[in-house]
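Colleague: Compute the structure for the input listed below.
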Amino acid sequence: MIILSRLDYAYPAGGEALAGVTLSVDKGGLLGLVGANGSGKSTLMAIMAGLYTPSCGSLKIDGLICPGNEKEIRSICRLVMQDADLQILGATVEEDLLIGRKRTDEAIVLAKDMATRFNLIDVWDKPVQALSWGMKRKLCLTAALLDNPKVLLLDEPFSGLDFPGMQEMRRIIVENKRAGLTQIISSHDIECLADIVDDLAVLNKGKIVLAGPPVEVMDKVMKYGVRPPCSWSAGLGVIPWDEGSV
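Modeller: Residues are numbered from 1 along each chain as shown. You can find the predicted model right below:
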């Protein structure tokens with residue numbers, strides 16, 4: 001589904017952000033893209049979303065190659081950014097979910113069904129500024145899934161959430177995985193995702209330095225500024241958060 005081959009990216013103002021990134025994700029796979037702040041995670045996610053064009057190398061998503069097909073890639077990929085306030089455009093939940101769509105009865109029903117799934121229906125007509133941080137994050141995720149994407153990119157989805165919010169985000173991610181949606185989660189912390197991802201890829205200074213199943217890379221992540229899960233450090237392996245997480 002996703003193949004990155006020797007991909008480089010340099011900012012227009014100068015400065016290399018990514019160098020020689022080679023990575024692949026199977027259809028329906030769940031990849032954890034981890035690394036310390038400033039390692040290049042958000043930049044790589046933006047490239048996979050079709051928002052940036054690589055300086056060198058290539059990206060292939062569902063047969064679409066970048067450079068050259070960024071618009072088509074944007075039509076099948078949805079990126080949920082870390083800062084929800086940068087992504088919410090409507091004044092209310094209803095307006096945000098329906099913005100840019102034809103306001104047909106079918107579209108309204110689909111939006112309400114999705115809002116119900118994410119426990120947002122009770123704030124359907126509420127102004128977005130009255131929502132909590134976690135609810136804003138869910139609103140962005142709801143809007144992304146309404147487009148029925150083939151690839152979902154979640155940039156630091158657990159950032160700023162309390163424990164119940166993290167549990168709910170995990171539940172949503174696992175539900176998407178079971179439905180066959182290809183997902184990539186970026187995070188600087190493995191704790192929230194170690195037991196649900198298929199593979200981990202570790203970015204360090206714009207380069208992929210580790211990649212593979214979590215149990216194969218966990219002992220090596222500390223040297224790249226990433227803390228392994230507490231259970232792993234205690235010699236207990238990767239312990240699921242709850243019975244519904246696997």
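Colleague: Quick one: low-confidence residue ranges for the chain.
Modeller: 242-246 (pLDDT under 70).
Colleague: Give me the residue at the spatial middle of it.
Modeller: The chain has Leu154 as the residue nearest its centroid, 1.5 Å off, counting by CA atoms, centre = their mean.
Colleague: Surely that one is in contact with Ile185?
Modeller: Yes: Leu154 is within contact range of Ile185, at 4.8 Å (criterion: CB atoms under 8 Å). (Glycine included, C-beta is placed from N, CA and C.)
Colleague: So for the two, which residues contact both of them?
Modeller: Ile173 (CB atoms under 8 Å, 6 or more residues apart in numbering).
Colleague: these two touch, right, Cys66 and Ala49?
Modeller: No: in this structure Cys66 lies outside contact range of Ala49 using CB under 8 Å: 10.2 Å.
Colleague: ok so, going back, and the residue nearest to the centre of the chain, how far from Asp8?
Modeller: For Leu154, the distance to Asp8 (CB to CB, to the nearest Å) stands at 24 Å.
Colleague: What is the neighbour count of Asn148?
Modeller: Per other CB atoms under 10 Å, the neighbour tally for Asn148 reads 10.
Colleague: helix, strand or coil for it?
Modeller: Counting by DSSP: H, G, I helix; E, B strand; the rest coil, the backbone at Asn148 sits in coil.
Colleague: Arg227: what secondary structure?
Modeller: Applying three-state DSSP: Arg227 is coil.
Colleague: I'd like to check which residues are in contact with it.
Modeller: Taking CB under 8 Å, 6+ apart, we find Arg227 in contact with Asp189, Ile190, Glu191, Val221, Ser233.
Colleague: again, but for Glu72
Modeller: Residues near Glu72 by CB under 8 Å, 6+ apart: Gly50, Leu64.
Colleague: and it, that one's in a helix?
Modeller: Yes: the assignment for Glu72 by three-state DSSP puts it in a helix.
Colleague: in this protein, which spans are strands?
Modeller: 2-10, 16-25, 30-34, 56-61, 64-66, 77-80, 151-155, 182-187, 199-204, 207-212 (DSSP state E).
Colleague: Now the longest helix along the chain: buried residues?
Modeller: Ordering each helix of the chain by length in residues (DSSP state H) puts helix 163-178 first. Taking 16 or more other CB atoms under 10 Å as the neighbour-count basis, helix 163-178 is seen to contain the buried residues Gly165, Met166, Gln167, Glu168, Met169, Arg170, Ile172, Ile173, Val174, Asn176, Lys177.
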